[in-house]
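> Return a 3D structure for these sequence lines:
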Amino acid sequence: MIYFRLYIGILFFLFGATIGSFLNVLIYRIPKKEDFVKTRSHCMKCGYQLEWYDLVPIFSWLFLGGKCRKCKTKLSAQYPLIEALNGVMYVLNFVLFGLSITTLLYCGLFSALIALSVIDFRTYEIPVGFNVFILVLGAIRVITDYHNWPEYVIGLVSVSVPLLLIFYATKGKGIGGGDVKLMGAVGLLIGWKLVVLAFFLGCLLGSVIHVARMKISGESHVLAMGPYLSAGIMIACIWGEKLISLYINYLNGLMAS
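I've put the predicted structure just below:
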């Protein structure tokens, strides 16, 4: 049994790394409005069209020494890092949730979060396509777990509606429209308890990390919330149930004393 799980885990990593390679394409091309379906992968410097052996996740970058095969331009370490990260997150989901619909949905969610985080970090914009994709995942969750549909429907509005009010009250200065849509779509997928926790964790991470970045590197006050919200969402998906249980037990302990 352990060998079977190891084999499946390796397959999950390889598949995740392959999807990670596609995420790199999205990260580079979507902000530039370039086609990412029909146009072949190519060197951003010389235009050399990559062959299949140039596209093996992680290993091609290592084999080429992080350089373009033709013009020898240095390639960003982002390529293998995104591929490896996505592969690891796929394996983690498999380890935690096994071969289940939850694993498949969370793998799709995590891939979208990784890509949109990098794009938002660079452009301060979350492409709507990622939110639509997550919303579709949420619809699948509701259909496959229809007995608990109220939890997901409440999740759709529990965070996004208050954020929407803030968006209109501040004319988009207090929160971005993409962040509002992200939390709505994610809420439909993971339910109201986890999305509330995810939002709290995202705000906590954003306030601590961004303030530190402002102090250390002179970062501006403008904050891209996408990466921090995404981190909060991932933590909530992985450890949310345990964190909520610990919090409830802590409150019960206080009341009992």
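> any idea how far D35 lies from V195?
Between D35 and V195 the computed distance is 33 Å (CB to CB, to the nearest Å). Using the backbone N, CA and C atoms, a C-beta is placed for each residue, glycine as well.
> Then V208?
From V208 across to V195, the span is 20 Å (CB to CB).
> give me every residue that touches the nearest residue to N86 once chain neighbours are set aside.
If the residues on either side of it in the chain are set aside, N86 comes closest to G20, at 3.3 Å by CB to CB, 6 or more residues apart in numbering. Contacts for G20 (CB atoms under 8 Å, 6 or more residues apart in numbering) come out as P57, I82, E83, A84, L85, N86, G87, S111, I114.
> which one among the residues you listed gets closest to F200?
Taking CB to CB as the measure, F200 sits nearest to I114 out of the contacts of G20, at 21.1 Å.
> before we move on, which element is the closest one in?
Per DSSP states H and E: I114 is located in helix 101-123.
> what packs against the following helix or strand past that helix?
Per DSSP H and E, helix 101-123 leads on to helix 128-144 as the next helix or strand towards the C-terminus. Secondary-structure packing of helix 128-144 (3 or more CB pairs under 8 Å, 6 or more residues apart in numbering; DSSP states H and E): helix 101-123, helix 149-158, helix 177-190.
> Please identify the deepest-packed of these.
Among the helices and strands packed on helix 128-144, the stretch with the highest mean neighbour count (mean count of other CB atoms under 10 Å) is helix 177-190, at a mean of 25.
> So for that helix, mean pLDDT?
For helix 177-190, mean pLDDT is 97.
> who touches G176 in this structure?
Y124, E125, I126, F167, M225, G226.
> measure it to I2 for me?
Per CB to CB, G176 is found 46 Å from I2.
> Next: G129.
39 Å.
> neighbour-wise, which of those two wins?
Just comparing G129 and I2: by other CB atoms under 10 Å the higher neighbour count belongs to G129, 13 against 6.
> burial of G9, as a residue count?
Other residues near G9 come to 15 when the count uses other CB under 10 Å.
> again but with I10, I slipped
Other residues near I10 come to 12 when the count uses other CB under 10 Å.
> quick one: the helix or strand containing it to helix 128-144, angle?
Using DSSP H and E, I10 falls within helix 2-29. If you take axes from the mean of the first three to the mean of the last three CA atoms, to 10 degrees, helix 2-29 sits at 150 degrees to helix 128-144.
> what packs against the next helix or strand along the chain from helix 2-29?
Scanning forward in sequence from helix 2-29 by DSSP H and E, the next helix or strand is helix 59-63. Helix 59-63 is packed against helix 78-97, with contacts defined by 3+ CB pairs under 8 Å, 6+ apart.
> closest to F97 among the contacts of G176?
Checking these against F97 with CB to CB, the nearest one is G226 at 24.5 Å.
> Sketch out the low-pLDDT regions of the stretch 1-150 of the chain for me.
Confidence mapping of the stretch 1-150 of the chain against pLDDT under 70 gives the ranges 43, 47-48, 52.
> redo that, cut-off 90
1-6, 32-76 (pLDDT under 90).
> so what's I190 up against?
If a contact means CB under 8 Å, 6+ apart, then I190 has L109, R141, Y152, G155, A198, I233, A236, C237, G240 as its contacts.
> measure the third one to G202 for me?
Spelled out, it's Y152. Relative to G202, Y152 is positioned 19 Å away (CB to CB).
> Could you list the low-pLDDT ranges of the stretch 151-257 of the chain?
By pLDDT under 90, the weakly predicted segments of the stretch 151-257 of the chain are 170-176, 207-224, 245-257.
> Nice, that's everything, thank you.
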